[in-house]
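Peer 1: generate a structure from the sequence data that follows.
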Amino acid sequence: MASGGATTSSGGLAGRYATALYAHADEQHALDRTVDEMDALGRLIEASPDLRRLISSPLIDTVQARRAALAVLAEQGFGKIVADFVGVVINNRRLAALPAIVRAFASLVAEKRGVITAQVSSAHPLNDVQRQQLRARLIEAGYGNVNIQEHVDKGLLGGLVVKIGARLYDTSLKSRLQRLQHAMKGAA
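Peer 2: Here you go, the predicted model:
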């Protein structure tokens, strides 16, 4: 997960960009479309190793990065607001922050709409049944209106890590093994 204030909607670089995009989209009466497109952008970044390399590479010139990113967005049917926004991010040399900005925007939208965001990390992508089971468990736990943001972290080995606000639910195999190792050291 991102560090610092990058994933919060109210602070940090990502939060400031997310807030500006939200205000601009609302002003243009295009908030719903922008929300959908930013969600699609997050999925596109997650699914495309080439796009992630473009975003994270400090070696690519901003002109080339802008041309490549805008070509991808045009090909995928993104509208003017999101394309212009990504162009501004690139012009300001903040392309590496784009994934955090996308997450901050989703958090801001959820906050404005009264939806709780659960950041879920798993070793493998969740299937539909697992997603439904997770949503049911979260509803049982008192989180009625939940937006699930998924991230794949192969280092977890298995299980899930769910973060909702300040609460962290860690059922990953990695942390279970660490707790077992710690307990065994204490017993010796």
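
Peer 1: how many neighbours does G12 have?
Peer 2: Using other CB atoms under 10 Å, the number of residues around G12 comes to 20. All C-beta atoms are positioned from the backbone trio N, CA, C, and that covers glycine.

Peer 1: that one contacts R103, correct?
Peer 2: No: the pair G12 / R103 is not scored as a contact, 11.0 Å apart, by CB atoms under 8 Å.

Peer 1: over to the residue most central in space within the chain. Which of the three states is it?
Peer 2: Residue closest to the mean C-alpha point of the chain, counted by CA atoms, centre = their mean, is R103 at 3.6 Å. Following DSSP: H, G, I helix; E, B strand; the rest coil, R103 is assigned to helix.

Peer 1: domain map for this protein?
Peer 2: The chain breaks down into these domains under automatic domain parsing: 12-110, 115-187.

Peer 1: and these, which is most packed in?
Peer 2: The highest mean neighbour count among those, using mean count of other CB atoms under 10 Å, belongs to domain 12-110: a mean of 17.

Peer 1: now do that domain: distance to the chain's middle.
Peer 2: Domain 12-110 sits 12 Å away from the centroid of its parent chain (CA atoms, centre = their mean, to the nearest Å).
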